[in-house]
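> got a structure for you, letters missing:
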């Protein structure tokens, strides 16, 4: 998968604080990375320029602090279904974001 | 320095020259002592999680004085979101450690002093607030753990400090010097004291003019000359000396308390935040108590662990499908989440103080803590009910490992055929640890008396409740005109 400039899509990962998560957020991101294969470069947010922020919230409250990401596209994940949607629409579609 | 890692924290403790006694002997290696070490591990968790991206949103924050990223435990709350995140941090760490992680008390002392030093200055032009901010900057820059020391031994409960037969039963100033003060006395029940870099002392109750030598607040390095720590015992504490990995229940974490004696200890003026302003002692106690009553959010996290342990024990026993077991788990969750409601509510309804610090809603913080004096006991009772009597009659790990007896324990303590006997024993030991072992100090009795005993909250609930407004509403609805 490529971004508009033709290079590999870079996704910055941002977590909520994890006070009472309803699923294992880190394991889910690892699964997404695994299923993405070589298509996407996942990186912690703040580690250089990214095409998209993947905000991983432990529950539907979705309270991760997203200030500072203005102007960057944000994809929110609050459960496993959201992760499947991300994989279907961003990873597998081949059409970019 | 910036935020310390867990390893750097342990290393920093090793450099302290603390005078610690336990079982009648001086403890030479405090960090390495097997009884103390689990409590150090619990504090270290507050450092470790701050460096992990999946917890950073709760564990870290931007300092309002330096603009740098700091550990939330050294932060002064700048809005209600900070207060809510503090409650969530308590639950997170309670769940990750299954015990008291000790670092909240210093955070609560810092926040209370940020308000009260400002208020004293406003009345007396004393300069305490500026002094406090300089100290805060030092704490934040070096990511220090502070012990918040409030509770004096108190002697005869019917007498004020200045009338005590032994004048040292409340910590007091015994000498005033050009460059500082000399203090004498003690602070009891000090959670995490020997895992702290600093000790912040506050008066324990509201005082009058006659008690002005006792109206003192200050901070010192924890290894200052003249400070001695005498470790408190905990139920089942010496199991940590036995080796093995089963009988202590919680393999890694624990808490501790100590009596801290100040034997004519010198405090330089730049570390003094209150001296003789007796009319602000009540205020300092109330702000600290409100913050600290909120801090019992941690018990929700320990409750999470206990509920998880009870469900697991039910499954291992083969009883998890019984309707009464399911109902007991529901009740445990109901009680635990009710506690969570209280600590979130008092934070959400927080208010801004003249110093700029945000404080929790006093009424709701006291209601929350009052619930904490009761619900963990019921949650513990239900956990013991579900676990069964084996929790307290299990032979030791050494018997389990013994070639003579191990086979019998393996055979007769087998329940669910899919589960190993050892795992069944482990989960029962964890329930024992939390409900009547070392961790029960934190989960039960500390829930009762920590941050003030139940009656202290009832006094504050009475003082903070607007009953007149409730009467007005009632009278209006039924047509009473007076």
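Yes, it's here. These numbers come from a predicted model, not from an experiment. Numbering: from 1, shown residues only, chains lettered A, B, ... in the order given.
> give me the pLDDT value at residue B:2.
Per-residue pLDDT puts residue B:2 at 85.
> please tell me I have it right and it contacts residue B:68.
Yes - using Cβ atoms under 8 Å, residue B:2 is in contact with residue B:68, at 7.2 Å. Just so you know, the C-beta spots here come from the backbone N, C-alpha and C atoms, and that holds for glycine as well.
> would you map the strands across chain A?
A:9-15, A:40-44, A:52-56, A:73-77 (DSSP state E).
> who does the longest one pair up with?
As defined by DSSP bridges, the strand partners of strand A:9-15 come to strand A:40-44 (parallel), strand A:52-56 (parallel).
> tabulate these (a markdown table), appending distance to residue B:64 and mean neighbour count.
Compiled in a markdown table, the strands paired with strand A:9-15 are given as follows (distance: least, Cβ to Cβ, whole Å; neighbours: other Cβ atoms under 10 Å in any protein chain shown):
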| stretch | distance to residue B:64 | mean neighbour count |
| --- | --- | --- |
| strand A:40-44 | 25 | 16 |
| strand A:52-56 | 25 | 22 |
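> for residue B:206, find the nearest of those.
With Cβ to Cβ as the measure, strand A:52-56 is the member of the strands paired with strand A:9-15 nearest residue B:206 (47.2 Å).
> interface residues of chain A facing chain B?
Residues of chain A lying close to chain B (Cβ under 8 Å from any Cβ of the partner chain) are A:13-20, A:25-26, A:44, A:56, A:63-65.
> OK, now which residue of chain A is nearest to chain B?
Relative to chain B, the nearest point of chain A is residue A:17 (2.8 Å; Cβ to the nearest Cβ).
> which ones are touching residue B:448?
Going by Cβ atoms under 8 Å, 6 or more residues apart in numbering or on different chains, residue B:448 touches B:373, B:377, B:454.
> you'd agree it is in a strand?
No - under DSSP: H, G, I helix; E, B strand; the rest coil, residue B:448 falls outside any strand and is assigned helix.
> would you check how far apart it and chain A are?
Distance, residue B:448 to chain A, by Cβ to the nearest Cβ, to the nearest Å: 25 Å.
> quick check: that residue vs residue A:51, distance?
Note on residue B:448: its distance to residue A:51, by Cβ to Cβ, to the nearest Å, is 54 Å.
> and what of residue A:35?
18 Å.
> any weak-confidence spans in chain A?
A:1-7, A:93-97 (pLDDT under 70).
> which residues does the most centrally placed residue in it bridge with?
Residue closest to the mean C-alpha point of chain A, counted by Cα atoms, centre = their mean, is residue A:54 at 2.3 Å. Beta-bridge pairing of residue A:54 under DSSP bridges involves residue A:13, residue A:75.
> dump the residue contacts of it.
Residue A:54 makes contacts with A:11-14, A:29, A:32, A:42, A:75, A:77, A:86, as judged by Cβ under 8 Å, 6+ apart.
> cool, and residue B:273?
B:113, B:116-117, B:128, B:131-132, B:135, B:217-219.
> same question for residue A:40.
So residue A:40 contacts A:1, A:8-11, A:33, A:90-91 (Cβ under 8 Å, 6+ apart).
> how close does the nearest residue to it once chain neighbours are set aside get to residue A:41?
Leaving out its chain neighbours, the residue that sits closest to residue A:40 by Cβ to Cβ, 6 or more residues apart in numbering or on different chains is residue A:9, at 5.0 Å. Applying Cβ to Cβ, the value for residue A:9 to residue A:41 is 7 Å.
> show me the helices in chain A, by range?
A:25-36, A:80-86 (DSSP state H).
> could you dump those helices to CSV with mean neighbour count?
Putting the helices of chain A into CSV (neighbours: other Cβ atoms under 10 Å in any protein chain shown) gives the following:
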stretch, mean neighbour count
helix A:25-36, 16
helix A:80-86, 15
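> tell me which of these lies nearest to residue B:382.
Nearest to residue B:382, of all the helices of chain A, is helix A:25-36, at 29.4 Å by Cβ to Cβ.
> residue A:19: how many residues sit nearby?
27 (other Cβ atoms under 10 Å in any protein chain shown).
> I'd assumed residue B:91 was in contact with it.
Yes - the pair residue A:19 / residue B:91 is scored as a contact, 5.2 Å apart, by Cβ under 8 Å.
> which residues touch residue B:127?
Residue B:127 touches residue B:121, counting by Cβ under 8 Å, 6+ apart.
> and the pLDDT for it?
Residue B:127 carries a pLDDT value of 96.
> roughly how far apart are it and chain A?
35 Å.
> do residue B:181 as well
Counting by Cβ to the nearest Cβ, the gap from residue B:181 to chain A is 41 Å.
> just checking, that residue is part of a strand?
Yes - Residue B:181: assigned to a strand according to three-state DSSP.
> isn't it right next to residue B:267, touching?
Yes - in this structure, residue B:181 is within contact of residue B:267 by Cβ under 8 Å, at 5.2 Å.
> leaving out the residues flanking it, which one is nearest to residue B:269?
Once flanking residues are discounted, residue B:269 sits nearest to residue B:180: 5.1 Å by Cβ to Cβ, 6+ apart.
> can you name the residues that contact that neighbour?
So residue B:180 contacts B:266-269, B:271-272 (Cβ under 8 Å, 6+ apart).
> what residues are bridge-paired with it?
Beta bridges link residue B:180 to residue B:268 when assigned by DSSP bridges.
> three-state assignment of residue B:21?
Note that with three-state DSSP, the state of residue B:21 is strand.
> separation between it and residue B:231?
Distance from residue B:21 to residue B:231, by Cβ to Cβ: 7 Å.
> between those two, which one's more packed in?
Taking neighbours as other Cβ under 10 Å, residue B:21 and residue B:231 compare with residue B:231 leading, 22 against 15.
> how about the contacts made by the more buried one?
So residue B:231 contacts B:20-22, B:27, B:35-36, B:194, B:256-258 (Cβ under 8 Å, 6+ apart).
> now residue B:213
Going by Cβ under 8 Å, 6+ apart, the list of residues near residue B:213 reads B:162, B:172-174, B:276.
> angles on the backbone of it, please.
phi -70, psi -20 (degrees, to the nearest 10).
> identify the residue of the stretch 151-300 of chain B closest to chain A, quick one.
Proximity to chain A, evaluated over the stretch 151-300 of chain B using Cβ to the nearest Cβ, is greatest for residue B:300 at 8.4 Å.
> right, and that residue touches residue B:94 too?
Yes - assessed by Cβ under 8 Å, residue B:300 is found in contact with residue B:94 at 6.4 Å.
> compare the two (neighbour count), which wins?
Ranked by neighbour count (other Cβ under 10 Å), residue B:300 and residue B:94 place residue B:300 first, with 30 against 25.
> so how far is the one helix or strand the more buried one maps to from its chain's centroid?
If you go by DSSP states H and E, residue B:300 is part of helix B:298-317. Centroid separation for helix B:298-317 versus its chain: 21 Å, with Cα atoms, centre = their mean, to the nearest Å.
> what mean pLDDT does the helix or strand containing residue B:334 get?
Here residue B:334, judged by DSSP H and E, is contained in helix B:323-348. The pLDDT scores in helix B:323-348 average 98.
> average pLDDT for whichever helix or strand comes after that helix?
Using DSSP H and E, the next helix or strand after helix B:323-348 towards the C-terminus is strand B:351-352. The average pLDDT for strand B:351-352 rounds to 98.
> do the same with stretch B:60-73
On average, stretch B:60-73 scores 97.
> may I see the buried residues of that stretch?
B:60-61, B:63-64, B:70-73 (16 or more other Cβ atoms under 10 Å in any protein chain shown).
> just to revisit the earlier point, can you list the contacts of residue B:448 in CSV and add neighbour count, distance to residue B:205 and pLDDT?
As requested, these are exported to CSV (neighbours: other Cβ atoms under 10 Å in any protein chain shown; distance: Cβ to Cβ, whole Å; pLDDT from 0 to 100):
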residue, neighbour count, distance to residue B:205, pLDDT
B:373, 22, 19, 98
B:377, 17, 27, 98
B:454, 15, 17, 96
